[in-house]
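In: with the sequence up front, the predicted model follows.
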Amino acid sequence: MTIVRYLTIIGLTSMLACAAARHRHDYSRCDQEPTTRPEQQARARAWFKRRKLMKRHEITVDRIRNAFQREMLMLADHDWAGAYYYGDGLGCNVSITLSPKTGMTYKWIGCSGLYDIDYGPIVDIQHDYIDVKLSLPSIHQGYDAIKERFYRVRWVNRHYLIPGEDMIQFCNAVNSGSKYGINYLVRREDRDKPVFGLPDVPEQFRSYLLESPIECHITQIESQTTAGDDYETLLCRIDAGRNAGLTTNLELYLSAENSFEWQVDVEEILADSSGVRISKRLNLPTDYFPQVGDLLSTRRYWNNRSRPMYDYSDPATRKFLLEYYGPSALEGHDD
């Protein structure tokens, strides 16, 4: 019985880590920063304790959600109250309710049932953000799917709630050409509303939104390493820097066919050049290898209409893109 319980705890920990990485749009992070065995065991114990708390608090969350439904009947065209959602319909389905009286409730449901819950009152409302007080203890920094500050973002007629630490990632997603925002909390009735231009983000984040993509090229490959048996890494120079508007917080993507498994991290920025780290997991299925002259852009390849990456008329290709990347990968390529 002890062995079964131990394996269950480790399995739950792995599921939580992978799902949290997915929430941050980086599918390679689950093992990117290895932890020592005691740390893994401590996180497993914390998660097992939270699971026990969830069982006691689930009834409270459902009660608050019922009160939320009644409150929403009294609110018409409220500026921020509502039910928000993001997910893929499979292992990650995160929903939040938010209203002045009932506060906030949060549920994360996946293919194995209920993964996580929380709730709490609203403690501060500002033009740009809403603060809540969570009721359940945090599991581990970096693995919590929800935070106590949500930034309020409008994109034409869509209303978003972006957890504080995800605002720059949201801006990068906009720069990349993604307009559906399936990985960010959007009010349910707004999900199919069209968007154009740039979203209205808080002033301190506006510099991260780009009017047009930054494009540059690999000018030099300085070194190549393999980190253990997991990652292959190249240190490269590119021909763009501060004068082009590049910062270490902006995400770049290789713009070559079959290169999407490679991740680009900007590490050093000069006036007209920068140093980047380009890496991928060795077990990812690609034959592509970066080379001098490759184009990099803040806009993902498949969102750049002038350089089509796939045969969008092929049903199998469309199915792959929809399942792996979501609706934004097919945007502009309707049958």
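Out: Nice, thanks for sending it over.

In: I'd guess residue 216 is in a helix, am I close?
Out: No: Residue 216 sits outside any helix when classified using DSSP: H, G, I helix; E, B strand; the rest coil, being strand.

In: need the residues that contact the strand or helix carrying residue 123.
Out: Residue 123 belongs to strand 122-125 when assigned by DSSP states H and E. Residues outside strand 122-125 that contact it (CB atoms under 8 Å, 6 or more residues apart in numbering): 98, 100, 103, 104, 130, 131, 132, 133. In short, each C-beta sits where N, CA and C put it, glycine included.

In: what bridges to the fifth one?
Out: Yep, that's residue 130 we're talking about. residue 125, residue 150 (DSSP bridges).

In: swap in the fourth one?
Out: Partner residues in beta bridges with residue 104, using DSSP bridges, are residue 98, residue 120.

In: am I right that it is in contact with residue 131?
Out: No: if you go by CB atoms under 8 Å, residue 104 and residue 131 don't touch, sitting 9.9 Å apart.

In: of those two, who's got more company?
Out: residue 104 (26 against 17; other CB atoms under 10 Å).

In: residue 126 versus the more buried one, what's the distance?
Out: 15 Å (CB to CB, to the nearest Å).

In: in the stretch 51-200 of the chain, where is pLDDT below threshold?
Out: 139-145, 179-182 (pLDDT under 70).

In: run through the helices of it in chain order.
Out: 167-175 (DSSP state H, counting those that start in this stretch).

In: in it, which spans are strands?
Out: 82-87, 93-99, 103-110, 113-120, 122-125, 129-132, 149-155, 158-163, 185-187 (DSSP state E, counting those that start in this stretch).

In: wait, residue 300 sits on residue 173?
Out: No: assessed by CB under 8 Å, residue 300 is found out of contact with residue 173, at 9.4 Å.

In: just the strands in the stretch 201-335 of the chain please.
Out: Counting by DSSP E, counting those that start in this stretch, the strands of the stretch 201-335 of the chain are 215-227, 231-238, 253-254, 263-269, 274-281, 295-297.

In: ok now the fourth one, how far from the chain's centre?
Out: The chain centre lies 19 Å from the centre of strand 263-269; the measure is CA atoms, centre = their mean, to the nearest Å.
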